[in-house]
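Engineer: Sequence isn't available, so here's the structure alone:
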């Protein structure tokens, strides 16, 4: 995402946020289950997006700057492996920090940003149209976790999917495999996928990256409750919840939780809820991968890793995978 004080962000934030029925359903259904959980995609209202921008600049939060560094260093090799003339399908409407590095480096024929938010999609496309005036850009407003059609302009161009940021790590393994299979169906046999995946490392570093000393991530997490109150008529006592980042070694993931510091009762959209002291709302997973587990996940989703790049410390990886033809197995 662009920095919160950048012209690009101002463009992304020009349209007034409106209540989203899917947001209401996600919150109400999530809080009704045991244990309570709310999908992480609902972090990103205007305030949440600005807070996330601030997180990416924190000294503890390594993923964004590390992946950018890999893209900058490895781009000649990436361009050689990818080749020119591809239709780039960017899942998530395009990071205005990362996408230009790719588009500058590989000589694409067409750029297709895909995002469920039409506002974000159109705004990011407008920014990139100004930066790449000679590149055809065909935005697609769609939920990329579900089947959608590529624009007719893609035609017979070879295809490259782009999925940076280790966003795949927000999904539990069955959902991640389903998403990778969906990418394969959309892009087709022979397509390439350039995907960022965060690596397993010292748990203390991982926890610090999601629970920074300045408390920005804590504000980001609690902003979800503030958004619920703003948009869904909630009465959640935000001050009664503390941010907590946990390393779950058995599942190889960081979890973010909002932990009740006392017994609480509140309403959302007229529905009552209560939580006991110490109970938590699970708000995000961020799975971390070894080289072996990343290849296994991609393979389960129908992709074969062809190349992989990492930073000198081995903190993050960028993998190029190919959708090989399906073959019978013994």
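Structural biologist: Yep, it's here. Computed from a predicted model, the values in this text were never measured in an experiment.
Engineer: Which residue ranges of the stretch 51-200 of the chain form strands?
Structural biologist: Secondary structure of the stretch 51-200 of the chain (DSSP state E, counting those that start in this stretch): strands at 87-91, 110-115, 140-141, 159-163, 192-198.
Engineer: Is it possible to get a markdown table of these that adds mean neighbour count?
Structural biologist: C-beta: built from backbone N, CA, C; applies to glycine. Output for these, formatted as a markdown table (neighbours: other Cβ atoms under 10 Å):
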| stretch | mean neighbour count |
| --- | --- |
| strand 87-91 | 26 |
| strand 110-115 | 23 |
| strand 140-141 | 17 |
| strand 159-163 | 23 |
| strand 192-198 | 25 |
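Engineer: right, so of these, which gets closest to residue 227?
Structural biologist: strand 110-115 (18.9 Å; Cβ to Cβ).
Engineer: Output the contacting helices and strands for the closest one.
Structural biologist: The contact analysis (3 or more Cβ pairs under 8 Å, 6 or more residues apart in numbering; DSSP states H and E) places strand 110-115 against strand 87-91, helix 118-131, strand 140-141.
Engineer: any idea of the mean pLDDT for the second one?
Structural biologist: Pointing back at helix 118-131 there. Helix 118-131 shows an average pLDDT of 89 in the prediction.
Engineer: Kindly report the same for the shortest one.
Structural biologist: Model confidence over strand 140-141 averages 93 on the pLDDT scale.
Engineer: who does it touch, helix- and strand-wise?
Structural biologist: Secondary-structure packing of strand 140-141 (3+ Cβ pairs under 8 Å, 6+ apart): strand 110-115, helix 118-131.
Engineer: please redo it, this time with the cut-off set to 7 Å
Structural biologist: strand 110-115 (3 or more Cβ pairs under 7 Å, 6 or more residues apart in numbering; DSSP states H and E).
Engineer: go on, the longest one?
Structural biologist: Of the remaining helices and strands, those touching helix 118-131 by 3+ Cβ pairs under 7 Å, 6+ apart are helix 7-12, strand 110-115.
Engineer: Can you give me the distance of residue 70 to residue 201?
Structural biologist: Separation of residue 70 from residue 201 (Cβ to Cβ, to the nearest Å): 15 Å.
Engineer: again, but for residue 52
Structural biologist: According to Cβ to Cβ, residue 52 stands 21 Å off from residue 201.
Engineer: and what of residue 264?
Structural biologist: Taking Cβ to Cβ, one finds residue 264 at 35 Å from residue 201.
Engineer: Tell me where the stretch 201-330 of the chain has strands.
Structural biologist: 241-248, 253-260, 264-268, 271-275, 280-287, 304-310, 316-322.
Engineer: what mean pLDDT does the last one have?
Structural biologist: The one in question is strand 316-322. The average pLDDT for strand 316-322 rounds to 98.
Engineer: Report the angle between that strand and strand 192-198.
Structural biologist: Taking axes from the mean of the first three to the mean of the last three Cα atoms, to 10 degrees, one finds strand 316-322 and strand 192-198 inclined to each other by 160 degrees.
Engineer: Contacts for stretch 139-156 next, please.
Structural biologist: By Cβ atoms under 7 Å, 6 or more residues apart in numbering, the surrounding residues in contact with stretch 139-156 are 87, 89, 91, 110, 112-116, 118, 121-122, 125, 136, 138, 179, 182, 185-186.
Engineer: The same query, at a cut-off of 8 Å, please.
Structural biologist: Residues from elsewhere that reach stretch 139-156 (Cβ atoms under 8 Å, 6 or more residues apart in numbering): 87, 89, 91-93, 110, 112-118, 121-122, 125, 136, 138, 159, 178-179, 182-183, 185-186.
Engineer: Just tell me which of the helices and strands packed on strand 110-115 ends up closest to residue 248.
Structural biologist: Nearest of the helices and strands packed on strand 110-115 to residue 248, taken as Cβ to Cβ: strand 87-91 at 25.7 Å.
Engineer: Give me the spatial nearest neighbour of residue 300, chain neighbours excluded.
Structural biologist: Leaving aside its sequence neighbours, residue 300 sits nearest to residue 177 (Cβ to Cβ, 6 or more residues apart in numbering; 4.7 Å).
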